[in-house]
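[1] Turn this into a model:
(one chain, ligands or ions: 1)
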Amino acid sequence: MLEWVAIESDSSNVLKRPDLHRMMETTAQKLRLMGGTVELVDIGEQELPNGQTLALPKVVTATFGTDPNKHTVCVYGHVDVQPAKLEDGWATDPYNLTDINGNLYGRGASDNKAPVLAWIHAVEAYQALSMELPVNVKFVIEGMEETGSNGLDAMILAQRDTFFSDVDYIIISDCGWLSRRPALTYGTRGNCYFFAEVEGPKQDLHSGVYGGTVIEPMTDLIGILDTLISPSGKILIPGIREAVAPLSDEEWKMYQDIQFDMDSYKNKIGVTQLMYSNKVDLLAHMWRYPTVSVHGIEGAFSDSGSKTVIPAKVTAKFSIRQVPNMDPAMVKKQVTDYLHSVFAKRKSPNKLKVTMVIGAKPWLADTQHPLYEAGKAAVKRVFDMDPDLIREGGTIPIARTFQDVTGKSIIMMPIGGFDDGLHSQNEKMSRYNYIEGTKLFIAYLNEVSQIKKTSV
Ligand SMILES: C[C@H](N)C(=O)N[C@@H](Cc1c[nH]cn1)C(=O)O
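    As a prediction, the model looks like this:
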């Protein structure tokens, strides 16, 4: 993992694209050396907001075994990461995997490099013991997950009747447990990610010289952002809440039965108060209701010091997590219309441009499927306990495409810890989760091999 974490495969930073290409090649080479049939699939180019184009990282596909009498599983994962800088508040260099008290710290350690490696090690374990794999194993590993899996939908569609034709089941391990208890995940939220740009004067201005004479883009932007959500978490964009599937009694009961300690959750994230004070409300808002999050403002002064500037153009980045039955195309229209209507009320001479840059749908599985029964059996075998059945508040943009395009069933089998700090400072994967997680994958392949051939 040291070598993988050392590669700064940040998919959101165009300057890091050469590192991302190297990451895909390193992944492919690892699978080639294990004797897999490996391809680096060209998925074309990405258009940047400034109109330029940039080559997308190739997708790695690999096949271990083609026995028609065995099930074929396809493991999906990603090896791109979120941005990380030491000065963001990391205790160690984010790209130098560092072992502290049994925790391996580094960007991408949990999301998603260690889980991908754990799957690779599971296959290697069978090879090292000269044991036949109980199922055929395929891999699809991409490098754009953190920015919405650009180009992967088209690749899956193009290879539906070739690479994916013999796949029975898809396995994804790109999420985490809820507590110290292992979990199986049966739902993810989608995500609609927006840029809202307000442009005013032709260049930045001195706030002493020009302040009071111009209508400031930042004031307009903050004004419209403040209309997205109320302080108590109610989304104010018309139509969004109406689309959400109501919480059923069965779901309510499931959430009620999950062991979840609100105080340790509060301690983990370092807050004194949460948005909801009871467990069911909190879990429901974490997993199956939409949320608005404001991520940042490009063009705003954000360095240390006290620069007295009026920024000429500012772009807010915010996203809305998606749940059944929301539709990203509808959300795009609702958000764009709404922001333009509140902006119009300000009677500002500045220009507003709203763009949706990611539109990923939510995903939900049938927990009665034999894949989940096999998952429960594997967890029992390795951890000697029953798993939590949970949903994931985050997004795996490609999950829904896999399901819709291939028609195959998916299971999400996380090995990340509840406190891994994904996307945050000091991301880590514990040695315990990494090693026991690898054992879980080995056991799971064995359990899947015992599913009756007719259940797909
Ligand atoms: C759950 C997964 N490990 C993850 O973190 N996914 C990202 C994907 C994404 C969504 N919008 C942009 N990127 C996430 O949920 O933020």
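[2] quick one: contacts for whichever residue of the chain sits closest to the ligand?
    Relative to the ligand, the nearest point of the chain is residue 394 (3.1 Å; Cβ to the nearest ligand atom). (C-beta placed from N, C-alpha, C; glycine too.) By Cβ atoms under 8 Å, 6 or more residues apart in numbering, the contact set of residue 394 is 175, 188-189, 422.
[3] what do you get for residue 52?
    Counting by Cβ under 8 Å, 6+ apart, residue 52 touches no other residue.
[4] that older thread, surely the residue of the chain closest to the ligand forms part of a helix?
    No. The assignment for residue 394 (DSSP: H, G, I helix; E, B strand; the rest coil) gives coil, which keeps it out of a helix.
[5] State the distance from it to residue 277.
    When distances are taken as Cβ to Cβ, to the nearest Å, residue 394 and residue 277 turn out to be 23 Å apart.
[6] ditto for residue 424
    Counting by Cβ to Cβ, the gap from residue 424 to residue 277 is 24 Å.
[7] Have a look at those two and say which one is more surrounded.
    residue 424 (15 against 9; other Cβ atoms under 10 Å).
[8] count of residues packed around residue 5?
    When neighbours are counted by other Cβ under 10 Å, residue 5 registers 25.
[9] Correct me if wrong: it contacts residue 97.
    Yes. Assessed by Cβ atoms under 8 Å, residue 5 is found in contact with residue 97 at 4.3 Å.
[10] Any chance you could list residues touching both of those two?
    Listed as contacting both residue 5 and residue 97 by Cβ under 8 Å, 6+ apart are 106, 109.
[11] Any regions of the stretch 301-450 of the chain where pLDDT drops low?
    Across the stretch 301-450 of the chain, not a single residue meets the criterion (pLDDT under 70).
[12] got the residues of it near the ligand?
    By the rule Cβ under 6 Å from any ligand atom, the part of the stretch 301-450 of the chain lying against the ligand is 358, 360, 392, 394-397, 422.
[13] now do 5 Å
    Neighbours of the ligand within the stretch 301-450 of the chain, by Cβ under 5 Å from any ligand atom: 394-395.
[14] and the nearest residue to residue 439 once chain neighbours are set aside, what does it touch?
    Among residues not flanking residue 439 along the chain, residue 382 sits closest, at 4.9 Å (Cβ to Cβ, 6 or more residues apart in numbering). Counting by Cβ under 8 Å, 6+ apart, residue 382 makes contact with 182, 436, 439-440, 443.
[15] For the helix or strand where residue 382 lies, buried residues please.
    Here residue 382 sits within helix 370-383, counting by DSSP states H and E. By 16 or more other Cβ atoms under 10 Å, the buried positions in helix 370-383 come out as 370-372, 374-379, 382-383.
[16] I'd like those as TSV, with distance to residue 306 appended.
    Output for these, formatted as TSV (distance: Cβ to Cβ, whole Å):
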residue	distance to residue 306
370	62
371	57
372	56
374	59
375	54
376	57
377	61
378	57
379	54
382	55
383	53
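[17] now residue 137, nearest residue through space, not along the chain?
    Leaving aside its sequence neighbours, residue 137 sits nearest to residue 64 (Cβ to Cβ, 6+ apart; 4.5 Å).
[18] Can you read off the pLDDT for that neighbour?
    Note on residue 64: pLDDT of 98.
[19] Next: residue 456.
    For residue 456, the model assigns a pLDDT of 51.
[20] Okay, buried residues for the helix or strand containing residue 439 please.
    Taking DSSP H and E as the definition, residue 439 sits inside helix 431-449. Across helix 431-449, burial judged by 16+ other Cβ under 10 Å covers 433-434, 437-448.
[21] which one of the residues you listed is nearest residue 366?
    Set against residue 366, the nearest of the buried residues of helix 431-449 by Cβ to Cβ is residue 448 (16.0 Å).
[22] Spit out the contact partners of that closest one.
    For residue 448, the contact set (Cβ under 8 Å, 6+ apart) comprises 71, 73, 134-135, 169, 371, 374.
[23] switch to 10 Å and redo it
    Going by Cβ atoms under 10 Å, 6 or more residues apart in numbering, residue 448 touches 70-73, 134-135, 137, 168-169, 171, 370-371, 374-375, 377-378, 411.
[24] try residue 365
    For residue 365, the contacting residues are 184-188, 371-372, 389, 391, 399, 403, 409-412, by Cβ under 10 Å, 6+ apart.
[25] again, only using 7 Å
    Residue 365 is in contact with 186-187, 410-411, counting by Cβ atoms under 7 Å, 6 or more residues apart in numbering.
[26] Distance check, the residue nearest to residue 439 against residue 123.
    For residue 382, the distance to residue 123 - Cβ to Cβ - is 17 Å.
[27] Now, the contacts of residue 394 that are in strands?
    Among the contacts of residue 394, the ones falling in strands (DSSP state E) are residue 188.
[28] export the contacts of residue 394 to CSV and tack on distance to residue 84 and neighbour count?
    Formatted as CSV, the contacts of residue 394 follow (distance: Cβ to Cβ, whole Å; neighbours: other Cβ atoms under 10 Å):
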residue, distance to residue 84, neighbour count
175, 19, 26
188, 23, 30
189, 23, 26
422, 11, 20
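[29] So residue 356, which state does it fall into?
    Quick answer, by three-state DSSP: residue 356 is strand.
[30] Can you classify the spatially closest residue to residue 120 that is not a sequence neighbour by secondary structure?
    Nearest non-adjacent residue to residue 120, counting by Cβ to Cβ, 6+ apart: residue 30, 6.4 Å away. Three-state call for residue 30 (three-state DSSP): helix.
[31] Run the chain-centre distance for the particular helix or strand that has residue 186 in it.
    Assessed by DSSP H and E, residue 186 sits inside strand 183-188. Here strand 183-188 is found 13 Å from its chain centre; the criterion is Cα atoms, centre = their mean, to the nearest Å.
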